[in-house]
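> I would like the atomic coordinates for the input below:
(4 chains)
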2 protein chains.
Amino acid sequence: MIEKFTNDKVSEILKSAGLRLTDARVGVLSVLAESEGALSQEQIAEKLADIAPNKTTIYRVLESLVRKGIVHKAFTRERSVYFELGDNCSEKQCHPHFTCTSCDRTVCLTDVEVPLAGIGEKGFEIHHQKVEIQGLCPGCSVEG
Amino acid sequence: MIEKFTNDKVSEILKSAGLRLTDARVGVLSVLAESEGALSQEQIAEKLADIAPNKTTIYRVLESLVRKGIVHKAFTRERSVYFELGDNCSEKQCHPHFTCTSCDRTVCLTDVEVPLAGIGEKGFEIHHQKVEIQGLCPGCSVEG
DNA sequence: ATTTTGTTGCAACTGAGTTGCATTGTTGAT
DNA sequence: ATCAACAATGCAACTCAGTTGCAACAAAAT
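Numbering: from 1, shown residues only, chains lettered A, B, ... in the order given. Below you'll find the model as predicted:
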């Protein structure tokens, strides 16, 4: 598997965003870069057991990264927020997320495009459009 | 303003869903029917001050209504879930919700259609697609 | 090296939503 | 109308993701 982000790349991202280079930030960003899908604070904490940052720190790191647009809040499940890198999203739209109601897994549909809602002429200015889909994933729809 | 649902209509909906007719259920359903937008448990409780059902009851009523598809979880904001009637949604898609990042209001775009993601040939079976939009509402985008 | 300023850890807190259980209300059969 | 069966309710205690205040600390600028 190809490392999406080298350590140098992570440093560069943080620097150019005007964020200080700290172990926690590098850790969180690396974990998100290596993950297939979005992760909750708890999942990030598990993967950072070696540097074991406090959960408050992880939340604050995520907050700073979200503010800079580097990380997105992908969706909320079971009362927890799931975070992911914003690099698989176009300017105004995140890739859709599909959650299977049978096997309960969530999949990132990074190659799927859904057009922006046509609400420009009504005076709305779209900054960000998010699509969430529920249904049966390929595996479960065959079995059913 | 036109009452969307008469009391008889509410009774009928509950009966045909196989749900018992109780004060709490009629209350919650009426409140949602009369509301412009989605409401949280707390907002529903405020509007039901006359019958003052316990918050547990409201959560359980909402759960039963969601299970029957009468009510939808529209979106999550500030860690609370907002509920609305499912009657402004087509079979497989809810109307989009727009949240203004300036005035912080959320608007139901009931007349806006966004096509379903084209993921059928990949084996996904879409049951429900939800669209959330952030940006500036007509009022705020003029001022800015 | 020192100052400035942003970051971290800790412990205590918040509050939306949940759970178990005793009580009450709805419904359908008699 | 009465009653049994079962579903719905209220209450109090709980859960747990996320937040807050503050003191200690570390990164970057001088």
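
> Just checking, which helix or strand of chain A averages the lowest pLDDT?
helix A:138-143 (a mean of 88; mean pLDDT, DSSP states H and E).

> Go through it and flag the buried ones.
In terms of neighbour count (16 or more other Cβ atoms under 10 Å in any protein chain shown), helix A:138-143 has its buried residues at residue A:140. For every residue, glycine as well, the C-beta is placed using N, CA and C.

> swap in stretch A:52-71?
A:53, A:57-58, A:61-62, A:64-65, A:70-71.

> Among the residues you listed, which are located in helices?
A:57-58, A:61-62, A:64-65 (DSSP state H).

> And those residues, which is closest to chain B?
residue A:62 (14.9 Å; Cβ to the nearest Cβ).

> tell me the domain ranges of chain A?
A:7-88, A:97-143 (automatic domain parsing).

> give me the number of residues near residue A:18?
8 (other Cβ atoms under 10 Å in any protein chain shown).

> That one: what's its closest spatial neighbour, skipping adjacent residues?
residue A:68 (7.8 Å; Cβ to Cβ, 6 or more residues apart in numbering or on different chains).

> thought that neighbour was touching residue A:17?
Yes. Between residue A:68 and residue A:17 there is a contact under Cβ atoms under 8 Å: 4.4 Å.

> Quick check: the residue nearest to residue A:18 vs residue B:88, distance?
Between residue A:68 and residue B:88 the computed distance is 36 Å (Cβ to Cβ, to the nearest Å).

> and residue A:127, what element?
Secondary structure from DSSP states H and E places residue A:127 in strand A:125-136.

> packing partners for that strand?
Applying 3 or more Cβ pairs under 8 Å, 6 or more residues apart in numbering or on different chains; DSSP states H and E, one finds that strand A:125-136 contacts strand A:97-100, strand B:125-136.

> Given the shortest one, what are its sheet partners and their directions?
Strand A:97-100 has the following strand partners under DSSP bridges: strand A:106-108 (antiparallel), strand A:125-136 (parallel).

> what about the last one, distance to the chain center?
Taking Cα atoms, centre = their mean, to the nearest Å, one finds strand A:125-136 lying 13 Å from the centre of the chain it belongs to.

> ditto for the first one
A distance of 11 Å separates the centroid of the chain from that of strand A:106-108, by Cα atoms, centre = their mean.

> Does that strand reach DNA strand D?
No. Strand A:106-108 lies out of reach of DNA strand D by Cβ under 7 Å from any atom of the strand, never closer than 14.6 Å.

> neighbouring contacts of that strand?
For strand A:106-108, contacts defined as Cβ atoms under 8 Å, 6 or more residues apart in numbering or on different chains pick out A:36-38, A:74-75, A:77, A:82, A:84, A:88, A:95, A:97-100, A:137.

> per-residue confidence for residue A:70?
You'll see residue A:70 listed with a pLDDT of 97.

> Report the separation between it and DNA strand C.
Distance of residue A:70 to DNA strand C, given as Cβ to the nearest atom of the strand, to the nearest Å: 12 Å.

> I'd say that residue and residue A:18 touch.
No. Judged on Cβ under 8 Å, residue A:70 makes no contact with residue A:18 at a distance of 11.3 Å.

> Contact residues of chain A facing chain B?
Listed as neighbours of chain B in chain A under the rule Cβ under 8 Å from any Cβ of the partner chain: A:76, A:79, A:96, A:98, A:101, A:109, A:112, A:114-115, A:117-119, A:122-139, A:141-142.
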